[in-house]
Every structure is written in structure tokens, then in C-alpha cells.
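Participant: How does the following fold in three dimensions:
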Amino acid sequence: MIAAMSGPSAPPVAGFVESPFNPMVYEAVERCLTARPGDGSRTAMVLASTMGDAATLDLGSRLLVAGQVHNPLLFMQSTANAVLGQLSREFAITGPLLCLSTVADPADELLAAAELLLEDEELDRVVLIGVELTGSERTTAAYRELRTGPPAADLAVAIVLDRDDPLPHPPSDIPSAPSGEYGTLRGLVELAARIQGPTP
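Facilitator: Modelled structure (predicted):
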């Protein structure tokens, strides 16, 4: 197993504009796959997020309401699987690419997805990704309804699980309404720290 994190200072990725969502995902996964190369044909990727790329969605909506020309890149990158496609091309990954929407800490659902995927004898490893932005007025209101919260800063976490790795268990003390520095990603951050040791 290996884990990595990325924040709002992630370097830009060609084809993605305005939002740190996709660059953070790219950097976290790149760190893992560069440090632990493997057979892309036997690799799957699963991305989970509560709000997705809210920055891109909100920008597109504001441009539309203002009657301004819509940037087609915004529609493409607003779907979370866009960056997974970029990563799959860069690292020759031809296994399944999945995106999940979660209403709480994604650690449980990502680990459940990994367990299911690794039942396929044609797969040897799964890249698990959790990502959230600090959000906007719209997402803040949505978080209130869900009784959860965003991280204090934009954040992406990636974990690579190999078939031979023991399936980790998410922390059992995550509150039902996550808050604080890591928001809904707290459990995944703690799981990554347990795998890799504290990440700067």
C-alpha cells in the first residue's frame, strides 16, 4: 500500500482550468503511481467526492446566468471522470474507472469498492481517491443540509491497494457529522496517515 495527498498548490494540468479539483487528483495519484509502478491493465481507479468539482460547476452557472460565452472546457472538466481519463492515458491504465458520490466520509465506500473490484481475478490493484474543495455559498448550504462539512483547505487523498495487501479498516471513531481540518475526508486522511505515516 502507498498513500499521497495533494492541496490547492498542485501544479496545473493541461486541459483543466480555473479549479484545483482535477490538478489535486492528478498530483496525488501521480505521486502514488510513480512511487509504485504496476501493470496498468490490471489496475482500477475509484474516485469519491461529496460535492465534486463545485468550483467548475458554479463558474459555468455564473457565466450562463450572465449571458457570457460558455467555455466548453468547463463542461468537460466538471465530470470527475475527466481527470481519471487523463491519468489512465498517462499511466496506461485500462481497468475500470469509477466515480462515487458520498454524503459522509468516503473511506468506507472506497474500501468496499476496492474489495469488490479485487474479486475480479483480472485486477491486481485499485487506486482509491477522495477529493473535496472548501466550497462556495451553494455547497456550504448543501453541507448544512447533510450535516457534514468540507475540509478547511482544498484536498485530495490517494491510496493504492494491491491484491496482496490486507484490506485496511477505516477509523472507527469518525463522527457522524465530520468537521474540522479535513471535513468529510477525515477518515480517509487518517487511513492514509496510518498507511504512509504522517504526510507533510
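Participant: Show me what the longest helix along the chain is packed up against.
Facilitator: For the chain, the helix that runs over the most residues, judged by DSSP state H, is helix 21-35. With contacts defined as 3 or more C-beta pairs under 8 Å, 6 or more residues apart in numbering; DSSP states H and E, helix 21-35 has these neighbours: strand 2-6, helix 81-90, strand 125-132, strand 155-162. Yep, even glycine has a C-beta here, placed from its N, CA and C like the rest.
Participant: Check the offset of that helix from the chain's centre.
Facilitator: Offset of helix 21-35 from its chain centre (C-alpha atoms, centre = their mean, to the nearest Å): 10 Å.
Participant: ok and that helix relative to helix 81-90, angle-wise?
Facilitator: Using axes from the mean of the first three to the mean of the last three C-alpha atoms, to 10 degrees, one finds that helix 21-35 and helix 81-90 are set 30 degrees apart in direction.
Participant: Buried residues in helix 21-35, which are they?
Facilitator: Neighbour-count burial for helix 21-35 flags 21-33 (criterion: 16 or more other C-beta atoms under 10 Å).
Participant: got the contact list for that helix?
Facilitator: 2-8, 10-13, 16, 45, 47, 52-53, 55-56, 77, 80, 82-84, 86-87, 90-91, 127, 129, 131, 133, 154-160 (C-beta atoms under 8 Å, 6 or more residues apart in numbering).
Participant: let's go with 7 Å and repeat that
Facilitator: Among residues not part of helix 21-35, those counted as contacts by C-beta atoms under 7 Å, 6 or more residues apart in numbering are 2-7, 10-13, 16, 47, 53, 55-56, 77, 82-83, 86-87, 91, 127, 129, 131, 133, 154, 156-158, 160.
Participant: Okay, now the unreliable bits of this protein?
Facilitator: 55-79, 139, 170-180, 197-200 (pLDDT under 70).
Participant: Would you map the helices across it?
Facilitator: 21-35, 54-65, 72-78, 81-90, 107-117, 137-146, 186-196.
Participant: can you redo these as CSV with distance to Leu98?
Facilitator: Below are the helices of the chain laid out as CSV (distance: least, C-beta to C-beta, whole Å):
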stretch, distance to Leu98
helix 21-35, 14
helix 54-65, 20
helix 72-78, 17
helix 81-90, 8
helix 107-117, 7
helix 137-146, 22
helix 186-196, 16
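Participant: Which one, of these, ends up nearest to Leu167?
Facilitator: helix 107-117 (5.8 Å; C-beta to C-beta).
Participant: from the chain's centre, how far out does that closest one sit?
Facilitator: 14 Å.
Participant: One more: stretch 17-29?
Facilitator: 9 Å.
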